[in-house]
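Engineer: following is a predicted model, sequence given first.
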Amino acid sequence: MHDLRTLRDHLDAIRDRLGPRGADVQWETLRKLIEERRALTGRVEQLRADLKKGSDEVARLKREKQPAETAVAAMKAVGERIAEGETALRTIEESLSDLALRIPNLPHETVPVGRTAEENREVRRWGAPPLLTAPPKAHWDIGEALGILDFDRAAKIAGARFAVLTGAGARLERALINFMLDLHTTEHGYREVMPPLMVNRLAMTGTGQLPKFEEDLFRLRDEDYFLIPTAEVPVTNLHREEILNESALPVRYTAYTPCFRREAGSYGKDTRGLIRLHQFNKVELVAFTKADQSYEELERLTGHAETVLQRLGLHYRVMALCTGDMGFSAAKTYDIEVWLPSQNQYREISSCSNFEGFQARRAGIRWKGAGGKKDSKTEFVHTLNGSGLAIGRTLVAILENYQQPDGSVLIPEILRPYMGGMARIEKE
RNA sequence: GGAGGGGUGACGGAGCGGCCGAACGUGCCGGUCUUGAAAACCGGAGACCUCGUAAGGGGUCCGCGAGUUCAAAUCUCGCCCCCUCCGCCA
């Protein structure tokens, strides 16, 4: 969410900078509500000041045993006017915050301008595609042939867009989770978190999934809880309505969680395989920093996600998303795309974003210096997060990039200790 | 699910319906003292909204929301959360 004063003073500039991203925002209603709120707030506050003085006067009269009927009657009238004003003010503020919560974040000045993914800018590449002697097979063919992936039975017990991993497949998934968590906690300095997988409406609003994107979420029927679409939600909201101590910053967390997404509107896309499921595993990186350090942190965090791919020996490229392809809350986003031989293209495996103060303002996450001096005013933190990495897609990349002509799949060196020494997945 | 207790500032912990943004203690910041530190003493320090170029002014906040009243941290009701005991349970 944007700061209301900034919004009031620079509404046109913000609308211009958002361009097409702000197309469905009701700017004029917003402008009107902001003005109405300001005017009404002033009036109500003046009345409350009158009431306070008047009530003190009543108290004085009663102490001095003087008649107070006139003053009491006058204050009763003032009280009624305040009640009316407050009711009106509440209505205005509800409409206002509903509108304001639907305005996307402003892109950072370094974000390339564009409308679609076509206009994303490649930042760098690492490694090279593997040299395969046979035409590459798709991961679902490889996995089903090896007996480690089962989509038919997943459909039987759940439905489309679910998968069952068995045997070495399940173990590989678990190995990837453990490898990534170990890397981030021991070498990159993140604190491991295991959060709830269901969160309330406030948490979803804090990170920006609500109110605008409710149709993307799974919601419980009898409770107002939502299944998390990413660990970003519970982990960022750990510090909702908190004032962090300056000495604690930057705060860095990593969390493994399953993620749940409706995938509404993606019918027909990636219907086969593990690429797009209603439930998938992910190791997430989350950071809280001071405002002047968040872009440095974004580079760091993206680098941490890249390290995972480098250790696994998987070829990838890093893309700076253009203004039109970025998510609602982000100010700048890098996508990391891994090479998939069967598709002959790069596919997103991580998305790392700086949200600046956008989520912090929604969630009330601030920081303050130690000194009780005037120079230690409270400020909103900047929040960041990125996948480090999406586990299922990493498994896809391993199956496809390490496939052998005989149908087996080599296991990257770094994972072998996590696989009980196994070097290759073969049909059992 | 049943019974009882409780939610106050960074923390602990007071608070006759008006003089309470809130005693007291700890912690924190600055100062005095000291070779330095500690102790002691003195002083300071919450968050948010709003008007104002500023200095400064006004308002809100004692879990959340309604209500009673001229006036609510204090009274009433609903909700949320925490604790103890019982039941159930991985």
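Structural biologist: That came through fine.
Engineer: please count neighbours and contacts with C-alpha atoms only from this point.
Structural biologist: Fine.
Engineer: and whatever residue of the stretch 101-250 of chain A ends up closest to RNA strand B, how many neighbours?
Structural biologist: Going by CA to the nearest atom of the strand, RNA strand B is nearest to A:I243 of the stretch 101-250 of chain A, at 7.7 Å. By other CA atoms under 10 Å, 17 other residues sit near A:I243.
Engineer: residue contacts, it?
Structural biologist: Counting by CA atoms under 8 Å, 6 or more residues apart in numbering, A:I243 touches A:365-368, A:378.
Engineer: what sits up against the host helix or strand of A:I349?
Structural biologist: A:I349 belongs to strand A:345-356 when elements are defined using DSSP states H and E. Taking CA under 8 Å, 6+ apart as the criterion, the residues outside strand A:345-356 that touch it are A:105, A:291, A:294-295, A:298, A:301-302, A:305, A:316-317, A:329-340, A:381-390, A:393-394.
Engineer: list the neighbouring strands of that strand plus their orientation.
Structural biologist: Strand partners for strand A:345-356, identified by DSSP bridges, are recorded as strand A:332-340 (antiparallel), strand A:382-390 (antiparallel).
Engineer: can I get those strands in JSON lines with mean pLDDT?
Structural biologist: Rendered in JSON lines, the data for these read as follows (pLDDT from 0 to 100):
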{"stretch": "strand A:332-340", "mean pLDDT": "98"}
{"stretch": "strand A:382-390", "mean pLDDT": "95"}
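Engineer: to RNA strand B, which of those lies closest?
Structural biologist: With CA to the nearest atom of the strand, the closest approach to RNA strand B among these belongs to strand A:382-390: 14.5 Å.
Engineer: moving C-terminal of that closest one, what's the next helix or strand?
Structural biologist: If you walk from strand A:382-390 toward the C-terminus, the next helix or strand you reach (DSSP H and E) is helix A:391-401.
Engineer: as TSV, the contacts of A:I243 with secondary structure and pLDDT would be great.
Structural biologist: Formatted as TSV, these follow (DSSP: H, G, I helix; E, B strand; the rest coil; pLDDT from 0 to 100):
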residue	secondary structure	pLDDT
A:I365	strand	88
A:R366	strand	86
A:W367	strand	85
A:K368	strand	80
A:T378	coil	80
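Engineer: keep only those of these that are also close to RNA strand B.
Structural biologist: Among the contacts of A:I243, the ones lying near RNA strand B by CA under 7 Å from any atom of the strand are A:T378.
Engineer: which one's the longest helix in chain A?
Structural biologist: helix A:27-63 (DSSP state H).
Engineer: which strands and helices sit next to that helix?
Structural biologist: Based on contacts counted as 3 or more CA pairs under 8 Å, 6 or more residues apart in numbering; DSSP states H and E, the elements that helix A:27-63 packs against are helix A:4-9, helix A:11-18, helix A:69-100.
Engineer: tell me which residues in it are buried?
Structural biologist: Buried residues in helix A:27-63, defined by neighbour count with 16 or more other CA atoms under 10 Å: A:27, A:30-31, A:33-34, A:37, A:40, A:44, A:47-48, A:51, A:54-55, A:58.
Engineer: go back to those residues and keep what's next to RNA strand B.
Structural biologist: Counting by CA under 7 Å from any atom of the strand, the subset of the buried residues of helix A:27-63 that neighbours RNA strand B consists of A:48, A:51, A:54-55, A:58.
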